[in-house]
Each structure stands twice: as C-alpha cells, then as structure tokens.
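Enquirer: Have a look at this prediction, sequence included:
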Amino acid sequence: MRASPADADQFLRELFEVMVAAANPHQVLARHLPDDTRRPAVVIGAGKAAAAMAASLETHWQGELSGLVVTRYGHGEPCKLIEVVEAAHPVPDDQGEAVARRMLQSVSGLGADDLVICLLSGGGSSLLALPAPGLTLADKQAVNRQLLRSGAPIDAMNCVRKHLSSIKGGRLALACQPARVLTLAISDVPGDDLAVIASGPTVADPSSSAQALEILATHGIDANPRVLAWLRDERAETPKPGDPAFAANDSRLVATPASALQAAAAAARDAGLEVMDLGAEVEGEAREVAAAQADMALAYAREGRRCLILSGGETTVTVRGSGRGGRNAEFLLALANELRGAAGIHALAADTDGIDGSEDNAGALLRPESWTRATAQGLDARAMLDNNDGYGFFHALGDLVITGPTRTNVNDFRAVLVLP
C-alpha cells in the first residue's frame, strides 16, 4: 500500500483494493488445481468471476479444454478455448435460460473417465436461469424481484431459487453423470457453504421445497399458483447429502470472504492501526449494522484510539422506498445519520464485485464533512434513508466509489476509520 491513514480516502480505497486482489482468480485459482493437469476436461461455470476463472484455468491447465461459462453483462474476459456468455444479474433473462440449456447439453453423454470442471462464484444463481418443468422464466423473474426487495438473507433466497430450477441444487452434477465433477468456487456467502454459492448446482442440497414454501410465506412473496403447485410437487425436491451420485466428485474453495478480509486487516495493521476485525460473516439489516458500528466508532473516538473497524459479509435491505442504491450505500447513509459529522471518522463500504446492488458503483465514501456538505446542498439524509436512496445521496456529494467489474466476488467490504 502507498497511502497512510492520514490520507483517509486513499487509504480506505487501497484497503478495498487489497481485499479484491486477494480474491483475484488469476492470483488464487492455480494453487487449487489437481496435481495432474494434463488430462482433457469439459469446463462449465457461472458467476461474476466465471470468465476470469476460465481465463486463469486456460493459463494453468496443460490438457485439452472445452466448454462454456456464463457471467454478468460486462464481466467477461477473453478466453481461447472456453466460450464466455454474458447474461443478466440480479434478475435473470432469456440469455441466462438459453445458456443453462446449452450447459446441460454440453455435459450429456459423458463417460466415467471424463472430467468436468465447474467454475462457480456469486451471481451464478441468476445467471443459470432454467425454470423447473411447468414454470416459465417470467415466473422465476417475478419471484426473484420480490425476494431481492424482501430483506431475505442469501441462503433463503437461494433455497427458493434451487427448488424452482432444473439446473441448480445439485441437478447440474446429476446431468454430468457418470463423469467426475471438480467444482472450484469463489465464495460470496456466510459460512462458505457450497450448497449456497450460486445455488449449489454441483453439490447435494440439504434444504427442502417445504422450506422454500415457508420462506415465500415468511417474506410475503406473492408467488403465482404455478410456482406454489410446483413447490408442493415431489419432483421439486433436490438431491440430498448422502446421494451416491456425488460420491466421486470433489469441491474446492478457491477464495473466501474471510481470507480476503484478513489480507485487508493485515495491511491496516502494517500501517500502524489497531484493527477491530468483526469478521466476514456479518449479516442483518444494513441500517442496523450501521447503527452498531457507529456506536463502536464513537466510543473509540472518545477513548482516543486510532483504529479501523473492519467487516465483511452480506447485509440485507428491506426495500420500502423508491430510491436507488445497494446495501453498501444503505449502510453508509445509515452511518451518516448516526454519526452526523462526528470528527475524525471516515468510512468506505463497497461490494468486491464492483456492483452495489444493480447500480454502476461498487459503493461510496463517507467523510466527517459529508453531513455538513449534504446539509448545505439541501439533502435530507433521514428522508433519503427512508426512501432507500443511498445512491442519490452519495451521487449528489460526488462520493460514489466506481471501479467497474472486478471479475471476482467475495461479498462486501466495510471499513470505518477512526482518527481522533
């Protein structure tokens, strides 16, 4: 790192870059490959990091490669042997449905001596959009839009997605039989559960269709009769742990939120800061997380401690307004309302994939003077928070953090810097 804590904005930006670099597929994938890379392999995959993972695999794999992966629009990377297709995220589109069908076809008819390498990362749930029998893409889109606004945690959303799919929840691995499947995954979920990452298309699924129905009811999701009828059908159930179909398969985590966050924490300590590492599995409503971290920051400031409050994980936002912004902008706007310009406290929150929700920013910066500047511009921070308009608030201040696609995804980065 070049910047020091005294240059708070640049320091926080560079810490974010450290976390992103620690999960760059070109830096981390090769060490997780099997010892023998000379055999041929069919490659499939989905996620915001899928194209970069495929490009890295091409660099390090010695044997013949073929296949295709799907990533978010704008997140592609050139590959010579593996086809890269782009589709929509976070709400799936017909391109995602078409590539999912092609992916199933690409692994059909393989033999027991064949190897399939599946490259997975966050975003794969929306990018592999193959509806279950009797359902349409529009059915899935309607449920997905409501889930995204409901405040449901990622494991709950993916439970529903798996049971409405013909490819997720272990079904892609079943289609590969009798070939062996090696899954290489970049985690973006708390606990690094392979059954949740990209909705676990190549691993057994411990969740049930009954749980999916309960999630819809709990979060007030207005699903149409076709969706509800399918979830009550025994065919909606996914293959479970202990199924012999998965016995010969292997799964490896290539990068995790914890390992990436630890890299940022180490860089901050090297800069002479005390680090309060809250871990990479912080969940809950973004504004409630912000309130708790504001209390911590104010207490540390009163004690005169130069420190960094660092956390990862995936907060949620229950959308009640009509504003713009993802969970990181929501966190920072809530933080601004709590701190109200407290001296010496700076913050950055951003998504490591470069996209906060569905906007063009990764996140934003909050400075001690942000409150005064906002007031001078006539911005009502409380009203904008009530309207879920974090993007509008930080856009008006010119404090959005825009990185473009990073081609990785280990969830969120939140850093609150206390310099009393």
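Expert: Structure received. Numbers count the residues shown, from 1 in each chain.

Enquirer: Okay, now the unreliable bits of this protein?
Expert: Residue ranges of the chain with pLDDT under 70: none are present.

Enquirer: domain assignment for it?
Expert: 8-20+258-418, 33-255 (automatic domain parsing).

Enquirer: And the ones you listed: which comes nearest H26?
Expert: Checking these against H26 by C-beta to C-beta gives domain 33-255 as the closest, at 4.9 Å. Any C-beta I mention is one placed from the backbone N, CA and C, and that applies to glycine too.

Enquirer: Quick one: distance of that closest one to the chain centre.
Expert: Centroid separation for domain 33-255 versus its chain: 14 Å, with C-alpha atoms, centre = their mean, to the nearest Å.

Enquirer: Can you add mean neighbour count and distance to H26 and give the domains of the chain back as CSV?
Expert: Listed next are the domains of the chain as CSV, based on neighbours: other C-beta atoms under 10 Å; distance: least, C-beta to C-beta, whole Å:
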stretch, mean neighbour count, distance to H26
domain 8-20+258-418, 21, 9
domain 33-255, 20, 5
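
Enquirer: Figure out which of these is closest to R2.
Expert: Within these, the stretch nearest R2 is domain 8-20+258-418; the backing value is 6.7 Å (C-beta to C-beta).

Enquirer: Which parts of the stretch 51-200 of the chain are helices?
Expert: Remark: helices assigned in the stretch 51-200 of the chain by DSSP state H, counting those that start in this stretch are 94-107, 124-127, 137-150, 154-163, 171-176.

Enquirer: which residues pair with the nearest residue to L273 once chain neighbours are set aside across the strands?
Expert: In space, and not counting its chain neighbours, L273 is closest to L308: 4.9 Å by C-beta to C-beta, 6 or more residues apart in numbering. As for beta bridges, L308 partners with V275, L417 under DSSP bridges.

Enquirer: didn't L308 look like it was pressed against F413?
Expert: No: counting by C-beta atoms under 8 Å, L308 does not reach F413; the two are 11.7 Å apart.

Enquirer: which neighbours do those two share?
Expert: Taking C-beta atoms under 8 Å, 6 or more residues apart in numbering as the contact rule, L308 and F413 both touch L15.

Enquirer: What's the separation between the residue nearest to L273 and A334?
Expert: Remark: distance between L308 and A334 (C-beta to C-beta, to the nearest Å) = 19 Å.

Enquirer: got it, and E314?
Expert: Distance, E314 to A334, using C-beta to C-beta: 16 Å.

Enquirer: I'd like the domains of the chain as CSV, with distance to Q27 appended.
Expert: Shown next, in CSV, are the domains of the chain (distance: least, C-beta to C-beta, whole Å):
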stretch, distance to Q27
domain 8-20+258-418, 9
domain 33-255, 9
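
Enquirer: Strands of the stretch 101-250 of the chain, start to end?
Expert: Here the stretch 101-250 of the chain has its strands, by DSSP state E, counting those that start in this stretch, at 115-120, 180-186, 250-255.

Enquirer: got the CA positions of the longest one in PDB?
Expert: Provided in PDB are the C-alpha atoms of strand 180-186 (Å, rounded to 0.1, in the frame of the first residue of the first chain):
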ATOM      1  CA  ARG A 180     -16.400 -36.900 -12.300                       C
ATOM      2  CA  VAL A 181     -17.000 -33.300 -11.400                       C
ATOM      3  CA  LEU A 182     -14.400 -31.000  -9.800                       C
ATOM      4  CA  THR A 183     -16.000 -27.800  -8.500                       C
ATOM      5  CA  LEU A 184     -13.800 -24.700  -8.000                       C
ATOM      6  CA  ALA A 185     -15.700 -22.000  -6.100                       C
ATOM      7  CA  ILE A 186     -15.100 -18.400  -5.000                       C
END
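
Enquirer: strand partners of it, parallel vs antiparallel please.
Expert: strand 115-120 (parallel), strand 250-255 (parallel).

Enquirer: Could you export stretch 331-339 as PDB, keeping only the C-alpha atoms?
Expert: Taking Å, rounded to 0.1, in the frame of the first residue of the first chain, the C-alpha atoms of stretch 331-339 are listed here in PDB:
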ATOM      1  CA  PHE A 331     -25.100   1.100   5.200                       C
ATOM      2  CA  LEU A 332     -23.200   4.300   4.700                       C
ATOM      3  CA  LEU A 333     -26.300   6.500   4.600                       C
ATOM      4  CA  ALA A 334     -27.500   5.000   7.900                       C
ATOM      5  CA  LEU A 335     -24.000   5.500   9.300                       C
ATOM      6  CA  ALA A 336     -24.100   9.200   8.300                       C
ATOM      7  CA  ASN A 337     -27.400   9.600  10.100                       C
ATOM      8  CA  GLU A 338     -25.800   8.100  13.200                       C
ATOM      9  CA  LEU A 339     -22.500   9.900  13.100                       C
END
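
Enquirer: what's in contact with that stretch?
Expert: Residues outside stretch 331-339 that contact it (C-beta under 8 Å, 6+ apart) are 286-287, 289-291, 293-295, 297-298, 315, 325, 345, 347, 349, 363-366, 368, 370-371, 374, 381-382, 384-385, 389-390, 393-394, 414, 416.

Enquirer: Please narrow those residues to those residing in helices.
Expert: When DSSP state H defines the helices, the subset of the contacts of stretch 331-339 inside them is 286-287, 289-291, 293-295, 297-298, 370-371, 374, 381-382, 384-385, 390, 393-394.

Enquirer: picking that back up, need the strands of the stretch 101-250 of the chain in CSV (columns: distance to A23).
Expert: Converted to CSV, the strands of the stretch 101-250 of the chain look like this (distance: least, C-beta to C-beta, whole Å):
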stretch, distance to A23
strand 115-120, 14
strand 180-186, 6
strand 250-255, 4
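
Enquirer: Go through the ones you listed and name the closest to T408.
Expert: Within these, the stretch nearest T408 is strand 180-186; the backing value is 6.2 Å (C-beta to C-beta).

Enquirer: Next, the angle from the closest one to helix 94-107.
Expert: Using axes from the mean of the first three to the mean of the last three C-alpha atoms, to 10 degrees, the inter-axis angle of strand 180-186 relative to helix 94-107 is 150 degrees.

Enquirer: hang on, Q10 packs against A3?
Expert: Yes: using C-beta under 8 Å, Q10 makes contact with A3 at a distance of 3.9 Å.
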